[in-house]
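1. Model the structure of this input:
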Amino acid sequence: MVGQFGDLMNPEEVRNLYPLLAERAFLFSGGLAPASLRTKQAIERFTNELTFETAERYKNLNEEYRIVQQLFAGLIGADQSEIVITDTTAAGSNLAVEMIERSPGTNVVVDHFGYGSSIYPWKLPSRQHIELRFVAPRARTIHIDDLAAAVDNDTIAISVSHVSEMTGFRHDLETIGTLAADYGAALLVDAMQSAGALQIDVHSAGVHFLSCGAMKWLLGSSGVGFFYCNEQYLQGLPPRAGITGFASQTVPWPERTLEPETGADRLRLGAPNLIGLAATKPGLEILHETGMQTVERHVLDLSGYCIDQLQSRDLTVLTPTPEHLRAGIVAIELENASEVCSHMASRGVDGWSYGNMLRVDPHIFNNRGDIDRFLAALDESSR
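-> Predicted structure coming up:
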């Protein structure tokens, strides 16, 4: 199959780029992605340039920034001018909150699956006049009717985590986008557990703000984050917090005139995380070269296979079964989740546990053999 990046790779070809998988069943892409051979080579290239061609590296300070910016924009259906590269998901979440007009008597609708970094900014002292309306799950699912019941004409934003890191539940962004549009509210999305695993089109879904980090499903580096801001919010001066720097201005230093850049560049502060960008670019390229339709189909196949096998063992699966309600995260409830996770690691299977929850996260480079290896270690631990 031929795409924008030439002949598209299949999952097995992607797998061959990850040497860790020859030794371990790595099922923790929702935590930290392993480095591919391309990533390793890119970091080596960067360190060589910084060691022996430092001045040349400085002259091309923004080159990799622009490439990574464009690659991420293409993955989520955004314009490049609507993307600013940050350092964390929380950086984008805080920017979004600053850019939304708010006044006493208004409210923001969130749900109990929302990640802290998209909720805490609304709870700061300067925003205590904003009512936070939490929507509770029913049968481990946030129902759109319950969200709709919480929204009214005073709602300024609906803020959700696209995929829950605790259960793997997935929101329908297009349906929520329509709900937000009906009330003139902004839609804020934390895509940390979905970008790179699912097809996303922020424009067709009606998303106004989206933030995520590169280190998980995007197969990139920690210390690199992405913030999408719909162009309608990118007019005038930077947010009220007064966040600005030399990279956000059109007038070169040492002039003192405040002239913000156009688009999301007005949200930049200074020089980018060069080694982080070098380590992030290969993963984004791999996703493009594979095609997000293939990635999503593969991820859903593996998570569905895993859920079926877990349910056949009469285990309590926290992740919804229907495809449209899940992504790559598969979570189960176990009293001894931490001990089981440690046993899995001793058998060459990497997952994650938190309290009584055990989680595995199959990605494009995994296969059913990895799932079977996880299930075998799980069966061993229950004997």
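
2. Tell me how far stretch 333-342 lies from the chain's centre.
-> Offset of stretch 333-342 from its chain centre (Cα atoms, centre = their mean, to the nearest Å): 26 Å.

3. what does it rub up against?
-> Stretch 333-342 is contacted from outside by 315-316, 318, 351-358, 378, 381, using Cβ atoms under 8 Å, 6 or more residues apart in numbering. In short, each C-beta sits where N, CA and C put it, glycine included.

4. Show me which of these is closest to residue 82.
-> Of all the contacts of stretch 333-342, residue 352 has the smallest distance to residue 82: 32.1 Å, by Cβ to Cβ.

5. The closest one bridge partners, please.
-> For residue 352, the beta-bridge partners are residue 359 (DSSP bridges).

6. check contacts around it.
-> Neighbouring residues of residue 352 by Cβ under 8 Å, 6+ apart: 28, 30-31, 341, 358-361.

7. how close does it get to residue 116?
-> 17 Å (Cβ to Cβ, to the nearest Å).

8. In contact with residue 170, which residues?
-> Residues in contact with residue 170 (Cβ under 8 Å, 6+ apart) are 162-164, 194, 198, 320, 324-327.

9. 7 Å instead, please
-> Counting by Cβ atoms under 7 Å, 6 or more residues apart in numbering, residue 170 makes contact with 162-163, 325-327.

10. returning to that earlier point: got a quick PyMOL command for the buried subset of the contacts of stretch 333-342?
-> The following PyMOL line selects those of these that are buried, judged by 16 or more other Cβ atoms under 10 Å:
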select buried, resi 315+318+351+352+353+357+358+378+381
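
11. Closest one to residue 124 out of the contacts of stretch 333-342, please.
-> Minimum distance to residue 124 across those is 25.9 Å, recorded for residue 354 (Cβ to Cβ).

12. Is residue 188 bridged to anything, and to what?
-> For residue 188, the beta-bridge partners are residue 159, residue 209 (DSSP bridges).

13. So it versus residue 79, what's the distance?
-> For residue 188 relative to residue 79 (Cβ to Cβ), the value is 18 Å.

14. who has more neighbours, the two?
-> Each of residue 188 and residue 79 has its neighbours counted (other Cβ atoms under 10 Å); residue 188 has more, 28 against 16.

15. Surely the more buried one is in contact with residue 157?
-> Yes. Counting by Cβ atoms under 7 Å, residue 188 touches residue 157, with 5.7 Å between them.

16. Point out where the stretch 1-150 of the chain drops to low pLDDT.
-> For the stretch 1-150 of the chain, applying pLDDT under 70 flags the ranges 1-7.

17. residue ranges for the helices of it, please.
-> Assigned by DSSP state H, counting those that start in this stretch, the helices in the stretch 1-150 of the chain fall at 11-15, 37-52, 54-59, 63-76, 89-99, 144-150.

18. These: which one's closest to residue 366?
-> With Cβ to Cβ as the criterion, residue 366 lies closest to helix 11-15 of those, at 7.5 Å.
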